[in-house]
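1. show me the folded form of this:
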Amino acid sequence: MKKETIAFQGERGAFSEEAAYKLLGRNIQVLPCPTFEALFASVAKGKASRCLAPIENTLAGSVYENYDLLLKNHLHIVAEVKLRIVHNLIAFPGTTLRNLQRVYSHPVALAQCNRFFSSHPKVERVPFYDTAGSVKMLAAERPAGFAAIASRVAASFYRARILKTHLEDHRENFTRFLLLSTRPVVSTRANKVSIVFSTRNVPGALYKCLSVFALREIDLSKMESRPLSGRPWEYFFYLDFAGNVKEERCRKALEHLEEVTNFLRVLGCYESARA
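-> Presented below is the predicted three-dimensional model:
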């Protein structure tokens, strides 16, 4: 039986690949993509059946580019997964903590490991385009005294050694990923809905939109605004709320919301993930 192809952004061993295995298991074929734009395009063009996109991190915040791509591309959220981000110091033979001179990784990962660098003040931190990409580079060049910060999956894939684990300053470091497909799938277990809408440019417009949910005692879990391109000071609003589109109160809320908005799209109805 042919394995399903799941696309992710980054090099092999990226945290996104680790998230894909956590959500779907190991019986999948993975497709690394260089950019988020290419990630979404891989599904639209049929190179992958589904893709996994990071949408927010508990420390770094929202991934705004992917919010914009959700609107631009007509893909549907069919699942989500939350991955605990564990930063590992990864190197190859010849490098130890004693002779460590330089550490490569993505700027966000480096910034999340300040405590380690404070305790090793002579070690230079070097920004790189990708966490797993930094391990890939070291695997090719094998420089002594150089290491990378990346996932355990990256260390395994490139057959590297983990010199130290849990470099992150905060243990409560999670990234939420969305599984995207060309077709919507709504199961009976689905208990979360994601939508995007724009309001009319009149006083109290957003208040009226949110009242739709308050009147029906529907819990809102997240709200994000993004600029509406070409229309200064107007915005798209992304909203996550508890419920299922097949439930009457959620269906009525969406019908009511459609009456007071200029634009409304349901991005997906899926099961909320546990950390």
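
2. CA only for contacts and neighbour counts going forward, please
-> Noted.

3. look at the nearest residue to F36 once chain neighbours are set aside and say how many residues are nearby.
-> Using C-alpha to C-alpha, 6 or more residues apart in numbering and skipping the chain neighbours, the partner closest in space to F36 is Q9 (6.0 Å). Using other C-alpha atoms under 10 Å, Q9 is surrounded by 24 other residues.

4. report the beta-bridge partners for Q9.
-> C33 (DSSP bridges).

5. how far away is it from R249?
-> Note on Q9: its distance to R249, by C-alpha to C-alpha, to the nearest Å, is 37 Å.

6. strand partners (parallel or antiparallel) of whichever strand or helix holds I195?
-> Secondary structure from DSSP states H and E places I195 in strand 192-199. Sheet pairing for strand 192-199, assigned by DSSP bridges, gives strand 235-242 (antiparallel), strand 261-270 (antiparallel).

7. please name the bridge partners of the residue lying closest to L264 once chain neighbours are set aside.
-> The shortest distance from L264 to any non-neighbouring residue, by C-alpha to C-alpha, 6+ apart, is to F197 (4.3 Å). Assessed by DSSP bridges, F197 has beta-bridge partners F237, L264.

8. hmm, T261 and F197 touching each other?
-> Yes. Using C-alpha atoms under 8 Å, F197 is in contact with T261, at 6.8 Å.

9. out of these two, which sits in the more crowded spot?
-> When neighbours are counted by other C-alpha under 10 Å, F197 and T261 differ, and F197 comes out ahead with 20 against 17.

10. give the contact list for the more buried one.
-> Residues near F197 by C-alpha atoms under 8 Å, 6 or more residues apart in numbering: F236, F237, Y238, T261, N262, F263, L264, R265.

11. tell me the pLDDT at it?
-> Note for F197: predicted pLDDT of 97.

12. M1 too?
-> Predicted confidence (pLDDT) for M1: 69.

13. against E224, how distant is the residue nearest the centre of the chain?
-> In the chain, the residue lying closest to the centroid (C-alpha atoms, centre = their mean) is P54, at 0.9 Å. In this view, P54 and E224 are 15 Å apart by C-alpha to C-alpha.

14. wouldn't L23 be in contact with V78 here?
-> No. L23 sits out of contact with V78 when judged by C-alpha under 8 Å, with a separation of 11.7 Å.

15. who has more neighbours out of those two?
-> Between L23 and V78, counting by other C-alpha under 10 Å, V78 is the more crowded of the two (22 against 18).

16. right, and the more buried one touches S272 too?
-> No. Using C-alpha under 8 Å, V78 is not in contact with S272; the gap is 10.3 Å.

17. which residues do the two both contact?
-> With contacts defined as C-alpha under 8 Å, 6+ apart, no residue is shared by V78 and S272.

18. show me how this structure divides into domains.
-> 4-85+173-181, 88-164, 192-270 (automatic domain parsing).

19. mind checking the end-to-end distance for the longest one?
-> Counting by C-alpha to C-alpha, the length from the leading to the trailing residue of domain 4-85+173-181 is 12 Å.

20. returning to what we had before: got the strands paired with strand 192-199 as JSON lines, with distance to A150 columns?
-> Output for the strands paired with strand 192-199, formatted as JSON lines (distance: least, C-alpha to C-alpha, whole Å):
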{"stretch": "strand 235-242", "distance to A150": "30"}
{"stretch": "strand 261-270", "distance to A150": "29"}
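
21. same list (these) but as TSV, adding mean pLDDT and distance to E172.
-> Output for the strands paired with strand 192-199, formatted as TSV (pLDDT from 0 to 100; distance: least, C-alpha to C-alpha, whole Å):
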stretch	mean pLDDT	distance to E172
strand 235-242	97	22
strand 261-270	96	24
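
22. what comes up buried for stretch 238-245?
-> Buried residues in stretch 238-245, counted by 16 or more other C-alpha atoms under 10 Å: Y238, L239, D240, F241, A242, G243, N244, V245.
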